[in-house]
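[1] need coordinates for the following:
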Amino acid sequence: MMKMPMLENLNQRGRETILALARAARLQRQGTTQQERIPVRPSSGREWPLSFAQQRLWFIAQMGEDASAAYHIPGGLRLRGQLDERALRAALDRIVQRHEVLRTVFVTVDGQPVQRIAERGQFALERDDLSALTDDAAQDAELARWTQLEGQTAFDLSTGPLIRGRLLPLAEHDHVLLVTMHHIVSDGWSAGILAKELGALYQAYARDGIDPSVDPLPSLPVQYADYALWQRQWLTGDVQQRQLAYWTEELSGAPGLVTLPTDRPRPAVQSYAGDRIAVELDAALTAGLKALSQRHGTTMYMTLLAAWAALAARLASQDEVVIGSPVANRTRTEVEPLIGFFVNTLALRVDLSARPTVAELLAQVKHRSVQAQSHQDVPFEHVVEALRPERSLAHSPIFQLSFAWQSAPQATLQLGELALESVEGAYHSAQFELMLSLAEADGRIVGNLGFATALYDRSTMVRHLGYLRALLHGMVQDDRVAVDQIPILSEAERRQVLVDWNATQRAYPQAECIHEWFERQAARTPDAVAIEFEAQRLSYRELNARANRLAYHLRTLGVGPDQRVAICVQRGPELVEGTLAVLKAGGAYVPLDPAYPTERLAYMLRDSAPVVLLTQTEWRDRLAPADATPELAVLALDGAERPWDQLPAHDLPAAQVGVTPRNLAYVIYTSGSTGQPKGVMVEHRGVVNRLLWMQEAYGLTAEDGVMQRRRSASTCRSGSYSGR
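    Below is the predicted model:
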């Protein structure tokens, strides 16, 4: 049903007294100024400025229909019984006439958006009769279609209307009423006002007839446009500066993005497509959370917010997170009965860098929540402007996760003798990446978790809710434990992480070296293409023969097991020939990228101390071999003189080479981002293991080839080394 947090258990005077006491307490804390005593008064005119919250939604709406649709407020009711359609239409029309914001449009004047209020207005209620569909399945399908369509159809903010409805008769005494409002003229509290007033008006009109001169509702002291004008006048000078100073200090240096692991890369432009899943905590856990909150003097809101922030920080591997939290922001008696967009958002920063215990985290969140509430008057839009965060179209500023706790009593719509039940529509939008909304009902905590479908899968959100339940159980069981030490994985997940994913043992040939694999392949498929490079092709027989001849020559230069041979060659056939020759000779190759700075190449030559340098003519002089080792032999693989071309083409005898899987295959240097690059020594057995894993993981077959991309700025051409 249409429900809304209302102080229904208090009379009007009682509500006014409580609100007055709250304002007095706030003024006493903050220091009273004449400006803070200014009431909201009626104003006159044809155009009014937008409230700060409206201005933000207006800008978001300019980004497109998807962004605007994320701020629709849909609702649906099944009405069973004798419906008086005339009374229903009259009641809805009266609500539109009563609340000016519901007949407001937003137009641009001199480049700035303004509110323009129509003198008269009617509720845009369409009627589509579904009673002719006698098949229940067909009727349900059509009802679902209309529910989705009503919730997603875009509003035109410049022409209106910004509230609409559709009445769907299913049978003579069975109707569905769908009502959708744009958030720019409404909020959750407003939905409750709409439900309360609709019930009172419908019952009066159905009982006494429709008489425009008779109104069962009290007149409204002000309208939403009056509040928007008051807000812009009030939030200036000392009031604004004092509250902004708190927020700029509180959020200075806070992380601008919660880097949760996502199922898909973040889009360049934020997507507002979403879904949600239901949340329910059992009665035992709910009771435990109540007891925990009572012991530490926190509200359920604070306790659940602490858990949500702790889980987000843990999943994101961050010390701090910022969570957005909505507040009703109806701190003035005058605006309490108004429909309109009053809600404000508080950005709550939670610090877990000191690895707090549950008790310490609750104390921190309590302090920050109380401080945030006492500085809630400044619009979130002003906080963003004051902080000047780095803006990105990919995500919202300041925070991307929200938490809402519905704690106020609920007002239930009553329409005479009609039996009412809620009609839940499909959920297709997400204002933020993750939105946790909870409340207490019948001794249990219930709600939903909304999520951006561009980033997350439904299964991931189900898993995250399991983590949240585990974290809450741990908090209840022991408030002295560090929050990050509370286990959150299920038994199945723990086994997967600790056992299944570590079951990597495989039988593989531990007595073989890399070059021996190549030699066997050359023997099996001597005429198959081994290398394709531009217009050149080499078969396995040709490549093996060239590598063997060079290997015999390298042996004469002292290359043997664990002896390093540096290779500084552009990617192409010479690089593959040289690499294979080094391995066949029993040595370990050291790759040097010709694009590296001269100083880096000189350092790597000195550090690796190779006995031979394989290069090309254009790089020979630049490599400054004198800076390496005096006895370094330098061979130009593309030179006119290649004395090894006359040597034997057959494979070197393994016994003569003497290399084993525990000998070095190559030495690779790190990037050196923390200082000088460091050489990492890799043995044949490690490479063999890696290659076998790749074949298994990637499903490589004899028909596959692997592309190799040249990185040299001088050529920037591509070739391929195909291992078939």
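[2] who touches the residue nearest the centre of the chain in this structure?
    Most central in the chain under CA atoms, centre = their mean is residue 433, positioned 4.5 Å from the mean C-alpha point. Contacts of residue 433 were listed using CB atoms under 8 Å, 6 or more residues apart in numbering, and they are 258, 260, 395, 400, 401, 451, 452, 455, 456. Where you see a C-beta, it was placed from the backbone N, CA and C, and this is true even at glycine.
[3] which of these lies closest to residue 273?
    Using CB to CB, residue 452 comes nearest to residue 273 of those, at 6.9 Å.
[4] could you tell me how far the residue lying farthest from the centre of the chain is located from residue 107?
    Residue farthest from the centre of the chain, counting by CA atoms, centre = their mean, is residue 646 at 63.3 Å. The gap separating residue 646 from residue 107 is 88 Å, by CB to CB, to the nearest Å.
[5] which non-adjacent residue is nearest the residue farthest from the centre of the chain?
    Among residues not flanking residue 646 along the chain, residue 549 sits closest, at 7.7 Å (CB to CB, 6 or more residues apart in numbering).
[6] buried ones in stretch 555-573?
    555, 557, 559-560, 563-573 (16 or more other CB atoms under 10 Å).
[7] mean confidence for that stretch?
    Averaging pLDDT along stretch 555-573 yields 94.
[8] do stretch 383-395 as well
    Stretch 383-395 comes out at a mean pLDDT of 89.
[9] which SSE is immediately downstream of the host helix or strand of residue 180?
    Using DSSP states H and E, residue 180 falls within strand 174-182. Remark: after strand 174-182, the chain's next helix or strand is helix 188-208, criterion DSSP H and E.
[10] got the CA positions of that next one in CSV?
    Output of helix 188-208 as CSV, limited to C-alpha atoms (Å, rounded to 0.1, in the frame of the first residue of the first chain):
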residue,chain,number,x,y,z
GLY,A,188,9.0,9.5,0.6
TRP,A,189,7.4,11.6,3.2
SER,A,190,5.2,13.2,0.5
ALA,A,191,4.0,9.8,-0.6
GLY,A,192,2.6,9.4,3.0
ILE,A,193,0.8,12.8,2.8
LEU,A,194,-0.7,11.8,-0.6
ALA,A,195,-2.0,8.5,0.9
LYS,A,196,-3.4,10.3,3.9
GLU,A,197,-5.2,13.0,2.0
LEU,A,198,-6.4,10.7,-0.7
GLY,A,199,-8.1,8.5,1.9
ALA,A,200,-9.7,11.5,3.7
LEU,A,201,-11.0,13.1,0.4
TYR,A,202,-12.2,9.9,-1.2
GLN,A,203,-14.2,8.9,1.9
ALA,A,204,-15.7,12.3,2.2
TYR,A,205,-16.7,12.5,-1.5
ALA,A,206,-18.0,8.9,-1.6
ARG,A,207,-20.1,9.5,1.5
ASP,A,208,-21.3,13.1,1.1
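[11] packing partners of the helix or strand just after it?
    Along the chain past helix 188-208, the next helix or strand (assigned with DSSP H and E) turns out to be helix 224-234. Applying 3 or more CB pairs under 8 Å, 6 or more residues apart in numbering; DSSP states H and E, we find helix 224-234 packed against strand 47-49, helix 52-61, strand 112-117.
[12] most tightly packed of these?
    Stretch with highest mean neighbour count among those: helix 52-61 (a mean of 20; mean count of other CB atoms under 10 Å).
[13] what comes into contact with that one?
    50, 67-68, 70-71, 106, 113, 115, 157, 182-184, 228, 231-232, 235, 341-344, 379-382.
[14] please redo it, this time with the cut-off set to 6 Å
    Residues outside helix 52-61 that contact it (CB atoms under 6 Å, 6 or more residues apart in numbering): 67, 68, 71, 106, 113, 157, 183, 184, 341, 379, 381.
[15] so which of these comes closest to residue 613?
    Once CB to CB is applied, the member of the contacts of helix 52-61 that ends up nearest residue 613 is residue 67, at 59.6 Å.
[16] residue 197 - nearest residue in space that isn't next to it in sequence?
    residue 95 (5.5 Å).
[17] and the pLDDT at the one you found?
    pLDDT for residue 95: 96.
[18] cool, the one 5 residues further on as well?
    The predicted local distance difference test score for residue 100 is 96.
[19] over to residue 20?
    pLDDT at residue 20 comes out at 48.
[20] number of nearby residues for residue 640?
    Counted by other CB atoms under 10 Å, the residues lying close to residue 640 total 6.
[21] and the one 4 residues further on, by the same measure?
    Each residue near residue 644 was counted by other CB under 10 Å, and the total is 19.
[22] pull the contacting residues for it.
    Each residue near residue 644 by CB under 6 Å, 6+ apart is listed here: 549, 550, 553.
[23] want to throw those into JSON lines with distance to residue 530?
    Formatted as JSON lines, those follow (distance: CB to CB, whole Å):
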{"residue": "549", "distance to residue 530": "16"}
{"residue": "550", "distance to residue 530": "15"}
{"residue": "553", "distance to residue 530": "21"}
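[24] ok, back up a step: specify which member of the contacts of helix 52-61 is nearest to residue 246.
    residue 379 (13.8 Å).
[25] tell me the phi and psi of residue 73?
    In terms of degrees, to the nearest 10, the main-chain angles of residue 73 are phi -120, psi 90.
[26] actually residue 78, not the one I wrote
    According to degrees, to the nearest 10, residue 78 has phi -100, psi 120.
[27] which pLDDT value does the model give it?
    92.
[28] who's in contact with it?
    176, 421, 423.
[29] return the distance of the residue nearest to the centre of the chain relative to residue 262.
    9 Å.
[30] who touches both of the two?
    When contacts are counted by CB under 6 Å, 6+ apart, the set common to residue 433 and residue 262 consists of residue 455.
[31] which parts of the strand holding residue 180 are buried?
    Applying 16+ other CB under 10 Å to strand 174-182 flags 174, 175, 176, 177, 178, 179, 180, 181, 182 as buried.
[32] on the strand side of things, show who the last one bridges to.
    Partner residues in beta bridges with residue 182: residue 72, with DSSP bridges as the criterion.
[33] close enough to count as contact, it and residue 155?
    Yes. If you go by CB atoms under 6 Å, residue 182 and residue 155 touch, sitting 4.7 Å apart.
[34] other SSEs contacting the stretch of helix or strand residue 96 belongs to?
    Using DSSP H and E, residue 96 falls within helix 85-98. Here helix 85-98 touches helix 188-208, going by 3 or more CB pairs under 6 Å, 6 or more residues apart in numbering; DSSP states H and E.
[35] partner strands of whichever helix or strand comes after the helix holding residue 96, parallel or antiparallel?
    Using DSSP H and E, the next helix or strand after helix 85-98 towards the C-terminus is strand 104-109. Paired neighbours of strand 104-109 in the sheet (DSSP bridges): strand 112-117 (antiparallel).
[36] what's the angle between the strand it pairs with and helix 224-234?
    140 degrees (axes from the mean of the first three to the mean of the last three CA atoms, to 10 degrees).
[37] report the next helix or strand after strand 112-117 in sequence order.
    Counting by DSSP H and E, what follows strand 112-117 is strand 124-127.
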